[in-house]
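In: Sequence plus the predicted model coming up.
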Amino acid sequence: MQIKTFVRFKYTIVLDKRRKLQSGKYPIKVNIHSYADNKNHYVSIPSLFTKNGKLEFSCENQKEFDSVWTNRHKKDSFGNVIGETTVYGEKLELRNALKIQNDRLIALMEDTSLLTLAEVKDWIKNWDAKEYEIDKTFTNLWFAFAEYITKLNEEERYKYATSMGSTIKKLTEFVGIESNLQKLRIYRDVADLSITDIDVDFMNAFEAFMFKQGRSKATVGVYARNIRTIWNDLYESHSKYPFGKGGYVIPEGARKNQGLSKADIKKIVDFSSDNEYLQTARDYFLFCFYNGGMNIKDVLHLKKGQKEFKRLKSIRTAKKEVIIPLVFNKITNDIIDRRTGKGSYLFDVIKDGDDAKTRQNKVDALNRALRPQLHKLSDLLELEYKITPNWSRHSSTTILFEEGISLKAISEGLGHTTLNQTEGYINTMIDKERPKIEKALSFDEDDSEK
């Protein structure tokens, strides 16, 4: 469900110091600004009943209110929220109660069915009785993920759906540890968690949890981007959105220079074996290499007679259509002769009657099979690195760049829509050239005499 925001009201939780309550304290109220009459309206917050008895929304003075609520966030030197200040006892109980009220107010401000100030006031005063089921259902964390995964499967995006499923499993593991939620001051049942519970503090704690398990930055980044996708699918904007400016920063794994030298590629070209597994790995790697690092999914979906292709990965995301010509030379033609099938597909893996799920399963199976065989091939040929299928793309890019081919031509061969994408492959070459760079910048006498 897409929750759209049409702002009729905005709110602030404030300490109303105009008149004291019978307790001698000042009441905490909601100050609602209505854009209809351009006026502010104070709305009282009903008392709550907790395990310690009746909780009154009030404070002794402004200083106490600021410590409980206004100044609760701790920030680093850049202004990023990094946690909350510590309060104890009644102050902690009051802060938690205010956070519940704040979540409710966020939902109310985004509910386009509430047209008048009177309706908003009624919800604030009678929330528990009304049970705001719409927000509870459609922003429920587990429901939101399940709906999105269903949509991905319907669109035949099975690999992405699997990735989303892995994210759910890891989130379930994290929130299943009671102390994790306690530290985040989340006191609702796990089954009732909302996507809005995943704020900056949650993401930082979730990241630390995964790093402690030995997960890489790249893996953590995948999970974080999946969570961001669900947030973006539900909300156009939200005050608790964790990924905006000054919010949680998604970690990125360091790029590696995954490009073989021209000499190593020549070793693979010259290789031939009676071992069908090694020969298969060699053939698919080289076919991908000569076609700009084409991925296995695109290779297996090629049809006989096809002269060009569109990267399946880019069809939904690219702003403009990118068509890449296929390369047919002696090496790729020999590979096709060995691997071609009887049906309409160029390679004998996917069959004409296969549905989308079966096709994806066959792609995944071949990718899994190629990896260990390419490792064996690397050892056998004494290559500099243990290669995997994606090395074909980086190797092709690296060699073309070193041979002086223009960045624009390389970019078009890769199917990129911007040069920035291509530069991501090229700029990692600094690691390979680091010793030469250091030597060039060295002014040691010993070096100058050599």
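Out: Arrived safely, thanks for sending.

In: use CA for all of it now, contacts and neighbours both
Out: Fine.

In: Need the contact partners of the top helix by length along the chain.
Out: Ranked by residue count and defined by DSSP state H, the top helix of the chain is helix 356-380. When contacts are defined by CA atoms under 8 Å, 6 or more residues apart in numbering, helix 356-380 is touched by residues 156, 158-159, 277-278, 280-282, 296-297, 300, 349-350, 384-389.

In: in the sheet, who's paired with the residue nearest to residue 13 when sequence neighbours are not counted?
Out: By the measure of CA to CA, 6 or more residues apart in numbering, the closest residue to residue 13 outside its immediate chain neighbours is residue 30, 4.7 Å from it. Beta bridges link residue 30 to residue 13, residue 43, judged by DSSP bridges.

In: how many neighbours does residue 30 have?
Out: By the criterion of other CA atoms under 10 Å, residue 30 has 23 neighbours.

In: wait, isn't it in contact with residue 57?
Out: No. Using CA atoms under 8 Å, residue 30 is not in contact with residue 57, being 10.7 Å away.

In: Now for those two: what residues contact both?
Out: residue 45.

In: quick one, phi/psi of residue 11?
Out: Dihedral angles of residue 11 (phi, psi; degrees, to the nearest 10) stand at phi -140, psi 160.

In: how close does it get to residue 43?
Out: 10 Å (CA to CA, to the nearest Å).

In: Could you look up the SS state of residue 401?
Out: Following DSSP: H, G, I helix; E, B strand; the rest coil, residue 401 is assigned to helix.

In: Kindly report the same for the one 4 residues further on.
Out: Using three-state DSSP as the criterion, the local structure at residue 405 reads coil.

In: can you give me the strands in the protein?
Out: Secondary structure of the chain (DSSP state E): strands at 9-15, 26-34, 39-44, 48-50, 53-55, 58-59, 73-75, 81-84, 308-309, 324-325.

In: For residue 27, give me its contacts.
Out: So residue 27 contacts 15, 16, 17, 20, 21, 44, 57, 58, 59 (CA under 8 Å, 6+ apart).

In: please redo it, this time with the cut-off set to 10 Å
Out: 14-21, 44-45, 56-61 (CA atoms under 10 Å, 6 or more residues apart in numbering).

In: do the same with residue 62
Out: 14, 15, 16, 17, 26, 68, 70.

In: at 6 Å instead, please
Out: By CA atoms under 6 Å, 6 or more residues apart in numbering, the contact list for residue 62 is empty.

In: what does residue 30 give?
Out: Counted by CA under 6 Å, 6+ apart, residue 30 has contacts 12, 13, 42, 43.

In: Residue 101: which of these is nearest?
Out: residue 13 (9.2 Å; CA to CA).

In: Model confidence at that closest one, what's the number?
Out: For residue 13, the pLDDT comes out at 95.

In: Pull out the buried members of the contacts of helix 356-380.
Out: Among those, those buried by neighbour count (16 or more other CA atoms under 10 Å) are 158, 277-278, 280-282, 296-297, 300, 349-350, 386-389.

In: out of these, which are inside helices?
Out: 158, 277, 278, 280, 281, 282, 296, 297, 300.

In: now the residues you listed in CSV, with pLDDT?
Out: Formatted as CSV, these follow (pLDDT from 0 to 100):
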residue, pLDDT
158, 86
277, 95
278, 95
280, 95
281, 95
282, 95
296, 91
297, 91
300, 93
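
In: Export these as JSON lines, with columns for distance to residue 98.
Out: JSON lines is the format used below for these (distance: CA to CA, whole Å):
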{"residue": "158", "distance to residue 98": "41"}
{"residue": "277", "distance to residue 98": "63"}
{"residue": "278", "distance to residue 98": "64"}
{"residue": "280", "distance to residue 98": "63"}
{"residue": "281", "distance to residue 98": "60"}
{"residue": "282", "distance to residue 98": "63"}
{"residue": "296", "distance to residue 98": "53"}
{"residue": "297", "distance to residue 98": "51"}
{"residue": "300", "distance to residue 98": "56"}
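
In: For those residues, work out which two are farthest apart.
Out: 158 and 278 (28.3 Å).

In: how far away is residue 238 from residue 114?
Out: 18 Å.

In: Same question for residue 120.
Out: Counting by CA to CA, the gap from residue 120 to residue 114 is 7 Å.

In: The two: who's more crowded?
Out: residue 120 (18 against 15).

In: Check the contacts of residue 30 and tell me the two furthest apart.
Out: Taking CA to CA, no two of those sit farther apart than 12 and 43, at 10.5 Å.

In: still on that earlier bit, can you flag the weakest of the strands of the chain by average pLDDT?
Out: Among these, strand 48-50 scores lowest, at a mean of 71.

In: domains of the chain?
Out: 9-133, 139-234, 262-435 (automatic domain parsing).
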